[in-house]
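*Asks:* what follows is a predicted protein model with its sequence.
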Amino acid sequence: MLSITNIHASIEGKQILKGISLNIRPGEVHAIMGPNGSGKSTLASVLAGKEDYEVTKGSVTFLGKDLLQMLPEDRAHEGLFLAFQYPVEIPGVSTTNFIKAALNEKRKYLGQEPLDAVAFMKVMKEKMAMLQIDQTLLSRSINEGFSGGEKKRNEIFQMAILDPRLTILDEMDSGLDIDALRVVAHGINQLRTKDNALLIITHYQRLLEYITPDFVHVLYNGNVVRSGTKELALELEQRGYDFIKEEAGLAETL
Amino acid sequence: MNLTYIKDSFEQLKAKEPDSLVAKLRLEGFRAFDEAGLPTKRTEDWKYTPISGLFDNPCYLAGDTPQVSLELKTIDAIRLPGYQAANELVFVNGMFSPLLSTIRSPKNQLTVLPLESAAKGIYKDLVKEHLGQSSTYIPDGVHALNTSFIREGIFIHIAQEQQLDHPVYIYHIADARQRPILSQPRSLIIVEQNANVQLVETYHTLGASDNFTNQVMEIVTHKDARLAYYKIQQDAANASQVSTTHIRQVGRSYVRAITVTLNGGIIRNNMNIIMEASGNEAHLYGLYVLNGHTHADNHTLVDNLAPNCLSNELYKGILNDHATGVFNGKIMVRPDAQKTNAYQTNKNILLSDDATINTKPQLEIFANDVKCSHGCTIGQLDENALFYLTARGIPKADATALLLQAFALDILDQIEPEPLRLYVTQLLTEHLTNPRK
């Protein structure tokens, strides 16, 4: 589904990603872990198409198409979804109108008729129940004055409506208390199918207790230095990232 | 040169009823014009708005243009929503046209007269007392030029205790199909005690020749009066204007003024609020969304002469292409104006490297127990918000328009009548999504 090959990316001349390769197949859950500054969020931004980053080398194929050639909006239409670490507050734009516009843009791209107000409300209601989201929240401006938990729930709500093939969860657990985390994780698990995949970017192992990954990759200094199964996450939790850094340092000197 | 034409035209007009009140004002106006001349870039108040160039080319006063016969359908095209229930007043080339105008309010509520007639009849004392007061505040030659040519102006009187159900729409039409036009509309509006009125002004230039509108509107609000004033500037690129709205709150009254500027050539708005009585309240809002080479200059003045007045001011601008914006917000607090509350904010978004904004707050405070604040921001579109929207599948152009509309929203929300608010919102949407027509 997603095939990342030897990707190099920089921002303002500074090299952040230094040759990452990764393959994600339908139905899989991958976790990318790593210490701060290792390039985790950069990878998410590059995949979603943030302009600030320049890809200097490598390629990314998503569902058979060259992802890096696509505009951010077309990546979304093709089925890529980035749940933001810090969802942006946009005063003056109603959440409901925004989500409706996003969904209908996708439908247009796929050659489908736009949903009318009634049909859209039906979809909304269904997903609202699933994520325990209140109607009043959605009638407000996008994320404006939302609590940390409300912002993250809103992200997953949008994911539920847009029904992506691949979702990237960027530090989904940051700013969430344990109850909110449970609701969000439960929502994500309900949305999992054999055709969809998840890429979980996280610093801590905590979220992985709720969403079990098939593969765990450790990112350090812009590269994947270790890949394994969910046991790797537990090892990191116990030993911290220092041993990874030492190993990587050793490898560099050799 | 054009100035010769203006002088010749004045000499002809001077002979008309030379002893009348209006003729005397004209004469004073012309003397002031002669003395001050046209403002240049060295005139502090006109530093960023070059106006003298507009007088380099020939243009013609309404009296010298052939009798214009406008078809009614021309007016149909520019009518504002809700017109069926509005008083519609039409100016053609700066002259009030009773023939094209429609009064829908009953006579005991609203009186509309040609200004020169009002100056002779039962309202003559009112006209004498209030017409031309703006000259003391605006000593420049452009304002004086309007006064020199007061002719077929308009007098509007809203009677005491009358809440006008029908708003007053004023359409300024310039017919520049044959030759360039100098339109100089003049109006005096009296809102009597405990009266309530909504005023909406809009501008429309026909034809490809230049139109320069030099407008002066004086409004007087008495005790417990309420005035909502809307100016919508969506004219052609060949239409420039200097538009002065001079509002004197002579009794404790409430004023809301909203200026929306979208299209035009060089535009200068003078919005003056003179707080002459204790307890006055005024809210000023402005939105300028400019592209191409449009230049819009908003000069506001809130002069607190009396204590306990409140003024709040919010102007927002979006500047694209080669457009230029100017905001100069002056707040005067005179020695007697204790307990003044005066607030001012100006926010701008620059969308292009070639767009310009000059913004200047100007507070002059001579009382010691006051609350005044001002602030201005100049920024770009929020890249993170833009990315958030595009990453959800909203195309970049649409996302940009959405964010800009959101920026404009707190001004648009101030437009109370719903049909008008929807109309202006629609204008803005078209303006943001289509480049200049």
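*Replies:* Good, I have the coordinates.
*Asks:* stretch B:314-332 near chain A anywhere?
*Replies:* No - using C-beta under 8 Å from any C-beta of the partner chain, we find that stretch B:314-332 stays clear of chain A, coming within 11.4 Å at best. The way it works is simple: take the backbone N, C-alpha and C, and place the C-beta from them, glycine included.
*Asks:* if you count neighbours, what's buried in that stretch?
*Replies:* B:314-320, B:322-332 (16 or more other C-beta atoms under 10 Å in any protein chain shown).
*Asks:* what are the ranges of the helices in chain A?
*Replies:* A:40-48, A:72-78, A:95-109, A:117-131, A:135-139, A:148-162, A:178-191, A:230-239, A:242-253 (DSSP state H).
*Asks:* residues in contact with the third one?
*Replies:* Put plainly, it is helix A:95-109. A:73-74, A:76-77, A:90, A:113-115, A:120, A:123-124, A:137-143, A:154, A:157-158, A:161-162, B:389, B:392-395, B:398, B:402 (C-beta atoms under 8 Å, 6 or more residues apart in numbering or on different chains).
*Asks:* can you pull the contacts of the closest residue to chain A within chain B?
*Replies:* Going by C-beta to the nearest C-beta, chain A is nearest to B:Ala406 of chain B, at 2.8 Å. For B:Ala406, the contacting residues are A:Ile90, A:Pro91, A:Gly92, A:Val93, A:Ser141, by C-beta under 8 Å, 6+ apart.
*Asks:* residue numbers of the stretch 251-400 of chain B in contact with chain A?
*Replies:* So far as C-beta under 8 Å from any C-beta goes, the stretch 251-400 of chain B lies against chain A at B:382-385, B:387-396, B:398.
*Asks:* out of these, which are buried?
*Replies:* Buried among these (16+ other C-beta under 10 Å): B:382, B:384-385, B:387-395, B:398.
*Asks:* in TSV: the helices of chain A, plus mean neighbour count and mean pLDDT.
*Replies:* Formatted as TSV, these follow (neighbours: other C-beta atoms under 10 Å in any protein chain shown; pLDDT from 0 to 100):
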stretch	mean neighbour count	mean pLDDT
helix A:40-48	23	93
helix A:72-78	23	96
helix A:95-109	19	95
helix A:117-131	14	89
helix A:135-139	13	87
helix A:148-162	21	92
helix A:178-191	17	89
helix A:230-239	16	84
helix A:242-253	12	71
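*Asks:* I'd like the ones you listed as a markdown table, with distance to B:Ala282 appended.
*Replies:* Formatted as a markdown table, these follow (distance: least, C-beta to C-beta, whole Å):
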| stretch | distance to B:Ala282 |
| --- | --- |
| helix A:40-48 | 47 |
| helix A:72-78 | 44 |
| helix A:95-109 | 33 |
| helix A:117-131 | 40 |
| helix A:135-139 | 32 |
| helix A:148-162 | 38 |
| helix A:178-191 | 46 |
| helix A:230-239 | 63 |
| helix A:242-253 | 64 |
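*Asks:* looking at those, which is nearest to A:Glu171?
*Replies:* Taking C-beta to C-beta, helix A:40-48 is the member of those nearest to A:Glu171, at 7.2 Å.
*Asks:* that closest one - contacts with which helices or strands?
*Replies:* strand A:2-11, strand A:14-24, strand A:29-33, strand A:53-62, helix A:72-78, strand A:80-83, strand A:166-170, strand A:197-202 (3 or more C-beta pairs under 8 Å, 6 or more residues apart in numbering or on different chains; DSSP states H and E).
*Asks:* just checking: what are the partner strands of the last one?
*Replies:* Using DSSP bridges, the strands paired with strand A:197-202 in its sheet are strand A:29-33 (parallel), strand A:166-170 (parallel).
*Asks:* how far off centre is the first one?
*Replies:* Spelled out, that is strand A:29-33. Remark: strand A:29-33 is offset 10 Å from the chain centroid, using C-alpha atoms, centre = their mean, to the nearest Å.
*Asks:* angle of that strand against helix A:230-239?
*Replies:* 30 degrees (axes from the mean of the first three to the mean of the last three C-alpha atoms, to 10 degrees).
*Asks:* rewinding a little: could you say which helix or strand holds the residue of chain B closest to chain A?
*Replies:* Using DSSP states H and E, B:Ala406 sits within helix B:396-412.
*Asks:* what's the angle between that helix and helix A:95-109?
*Replies:* Using the same axes, to 10 degrees: helix B:396-412 against helix A:95-109 is 160 degrees.
*Asks:* now the strands paired with strand A:197-202 in JSON lines, with mean pLDDT and mean neighbour count?
*Replies:* Formatted as JSON lines, the strands paired with strand A:197-202 follow (pLDDT from 0 to 100; neighbours: other C-beta atoms under 10 Å in any protein chain shown):
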{"stretch": "strand A:29-33", "mean pLDDT": "93", "mean neighbour count": "24"}
{"stretch": "strand A:166-170", "mean pLDDT": "96", "mean neighbour count": "25"}
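*Asks:* quick one: those as a markdown table, columns for distance to B:Ile173 too.
*Replies:* As requested, the strands paired with strand A:197-202 are exported to a markdown table (distance: least, C-beta to C-beta, whole Å):
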| stretch | distance to B:Ile173 |
| --- | --- |
| strand A:29-33 | 65 |
| strand A:166-170 | 57 |
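*Asks:* contacts only, for the closest residue in space to B:Lys128 that isn't next to it in sequence.
*Replies:* Leaving aside its sequence neighbours, B:Lys128 sits nearest to B:Leu21 (C-beta to C-beta, 6 or more residues apart in numbering or on different chains; 5.8 Å). Taking C-beta under 8 Å, 6+ apart, we find B:Leu21 in contact with B:Ala119, B:Lys120, B:Lys124, B:Val127, B:Lys128, B:Leu131.
*Asks:* give me the nearest residue to the second one, chain neighbours excluded.
*Replies:* Of all residues beyond its chain neighbours, the one nearest B:Lys120 is B:Ser20 (7.1 Å), with distances taken as C-beta to C-beta, 6+ apart.
*Asks:* what about that neighbour, distance to B:Leu126?
*Replies:* 15 Å (C-beta to C-beta, to the nearest Å).
*Asks:* show me which residues of chain A are close to chain B?
*Replies:* Counting by C-beta under 8 Å from any C-beta, chain A sits next to chain B at A:48-52, A:71-73, A:75-77, A:82, A:84, A:87-88, A:90-93, A:98-99, A:101-103, A:105-106, A:109, A:141-142, A:158, A:162.
*Asks:* residues near A:Asp173, how many?
*Replies:* Look at A:Asp173: counted by other C-beta atoms under 10 Å in any protein chain shown, it has 24 neighbours.
*Asks:* what of B:Glu276?
*Replies:* 18.
*Asks:* show me the contacts for the residue in the stretch 1-150 of chain A that chain B sits nearest to.
*Replies:* Nearest to chain B, among the residues of the stretch 1-150 of chain A, is A:Gly92, at 2.8 Å (C-beta to the nearest C-beta). A:Gly92 makes contact with A:Ser141, B:Gln405, B:Ala406, B:Phe407, B:Leu409, B:Asp410, according to C-beta under 8 Å, 6+ apart.
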